[in-house]
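Participant: Following is a predicted model, sequence given first.
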Amino acid sequence: METKSNEIELVKNHIFSSFKIVSLNTEGITNEESMIFPNDEANCMNWILGHLIYIRNSLLNILGEESIWDSEKFSCYNRGEIAWDRKAEFINFEELKSYLQQSQDKLEEKLNILESFKEENVKDISTLCLHEIYHGGQLGYLRRILGRPGAIR
């Protein structure tokens, strides 16, 4: 019986762990709290979560799957956008969490059937995993800034 490549197992573990960290850090945060921009300049939780989902769509595409949302409709969450200027376009935080779950389900489903990654995609997949770690940590700090106890113990 052939086993899956170590790359697949590493990414599966990463995607599962990242989802858990993001979920814990956003648990119990209201939509109103998610829209608070610390110092009126740092990105709010709503934008960071939406951005994370936006970029997860790129990972889905690299793996040969369709995005879970229309990139044009949700362009306010794209890299390089000034969140403050586009905050009127943000969607409800609970709806964002449901999109996160949809992306998780699709990623896990795809990673469970893949045998290996295309060699030309390995660097991009690795970078996208790092992206999730970066923003997952930001959500942890924002949680504390909002006066909530830390979620990762």
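Facilitator: Structure's in. What do you need?
Participant: Could you point out the longest helix of the chain?
Facilitator: The residue-count maximum for a helix in the chain (DSSP state H) belongs to helix 122-145.
Participant: ok now that one, how far from the chain's centre?
Facilitator: Relative to its chain's centre, helix 122-145 lies at 8 Å (C-alpha atoms, centre = their mean, to the nearest Å).
Participant: Name the residue closest to the centre of this structure, please.
Facilitator: The C-alpha lying nearest the average C-alpha coordinate of the chain belongs to residue 52 (C-alpha atoms, centre = their mean; 3.0 Å).
Participant: my read: that residue touches residue 21, true?
Facilitator: No. Look at residue 52 against residue 21 with C-beta atoms under 8 Å: they stay out of range, at 10.8 Å. Using the backbone N, CA and C atoms, a C-beta is placed for each residue, glycine as well.
Participant: what's the overlap in contacts for those two?
Facilitator: residue 136 (C-beta atoms under 8 Å, 6 or more residues apart in numbering).
Participant: contact partners of the longest helix of the chain?
Facilitator: 7, 11, 14-15, 18, 21-22, 25-26, 29, 38, 42-45, 48-49, 51-52, 55-56, 58-59, 62, 117, 150-152.
Participant: Are any of these buried, and if so which?
Facilitator: Buried by 16 or more other C-beta atoms under 10 Å: 11, 14-15, 18, 21-22, 25-26, 29, 42-45, 48-49, 51-52, 55-56, 58-59, 62, 117, 151, out of the contacts of helix 122-145.
Participant: Just those residues: which are in helices?
Facilitator: Short answer: the buried ones among the contacts of helix 122-145 in helices (DSSP H) are 11, 14-15, 18, 21-22, 25-26, 45, 48-49, 51-52, 55-56, 58-59, 62.
Participant: so the longest helix of the chain versus helix 45-62, what angle?
Facilitator: 160 degrees (axes from the mean of the first three to the mean of the last three C-alpha atoms, to 10 degrees).
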